[in-house]
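Novice: Predicted model follows, preceded by the sequence.
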Amino acid sequence: WAQDHDDNASTPRACALFNISKDGPYDTFGYDSVMAIVHALHDLVEVQNRTEIIGDELLDTLIKHVRFEGLTGLVDFYDASADPDKMYHGDRSGSFSYALLNYVDNAHGLVVVGTWSPCIKSFCYWSDKWQPTGVPLT
């Protein structure tokens, strides 16, 4: 996307790539989200020659046909359509996790308390998804 890359309004806008000082830390997830929808719509319109799309069909296409290397890693969705409970159906599978951070003090700043990753099995215990680092919450 084009933006003011040098804080000079007289110069033309240019592709700024990823600049954390100007872009938010979650912009790449927004980009990957839009690209996932674009891939699903392309599949429905160009590959399946659909002229009308219903929301459930878009979700089904996202889960079954969309897989690409995005800015945040592999974008792929878990298909649990065979599971009667549809547990984790549509969750992003693999290649990402969340880190729980805790602010300790000015000297230590933020420290990782643990990480959470989605489970792609039909049933998981909390311990399969949550991995504590041993650092206590303060």
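Specialist: Perfect, thanks for sending it. Worth saying up front: this structure is predicted, and the values here are computed from it rather than measured.
Novice: Give me the longest helix you can find in this protein.
Specialist: helix 27-42 (DSSP state H).
Novice: Quick one: mean pLDDT over the helix or strand following that one.
Specialist: Next along the chain after helix 27-42, taking DSSP states H and E as the criterion, comes helix 55-65. For helix 55-65, the mean pLDDT works out to 85.
Novice: go on, stretch 77-93?
Specialist: Computed over stretch 77-93, the average pLDDT equals 67.
Novice: still on that earlier bit, not counting its own residues, what contacts the longest helix of the chain?
Specialist: 18, 53, 58, 61, 62, 65, 66, 68, 70, 71, 72, 75 (Cβ atoms under 8 Å, 6 or more residues apart in numbering). C-betas here are computed from N, CA, C, even on glycine.
Novice: Next, find the distance separating the last one from residue 111.
Specialist: Spelled out, it's residue 75. 29 Å (Cβ to Cβ, to the nearest Å).
Novice: Name the residue in these two with the higher neighbour count.
Specialist: residue 75 (23 against 16; other Cβ atoms under 10 Å).
Novice: partners of the strand or helix carrying that one, with directions?
Specialist: According to DSSP H and E, residue 75 maps onto strand 73-76. Its sheet considered, strand 73-76 pairs with strand 67-70 (antiparallel) by DSSP bridges.
Novice: Contacts only, for residue 66.
Specialist: Per Cβ under 8 Å, 6+ apart, neighbours of residue 66: 36, 39, 40, 43, 75, 76, 77.
Novice: Closest to residue 106 out of the residues you listed?
Specialist: Nearest to residue 106 out of the contacts of residue 66 is residue 75 (Cβ to Cβ; 37.4 Å).
Novice: Could you double-check that that closest one lies in contact with residue 63?
Specialist: No: contact between residue 75 and residue 63 fails when scored by Cβ atoms under 8 Å: they sit 11.7 Å apart.
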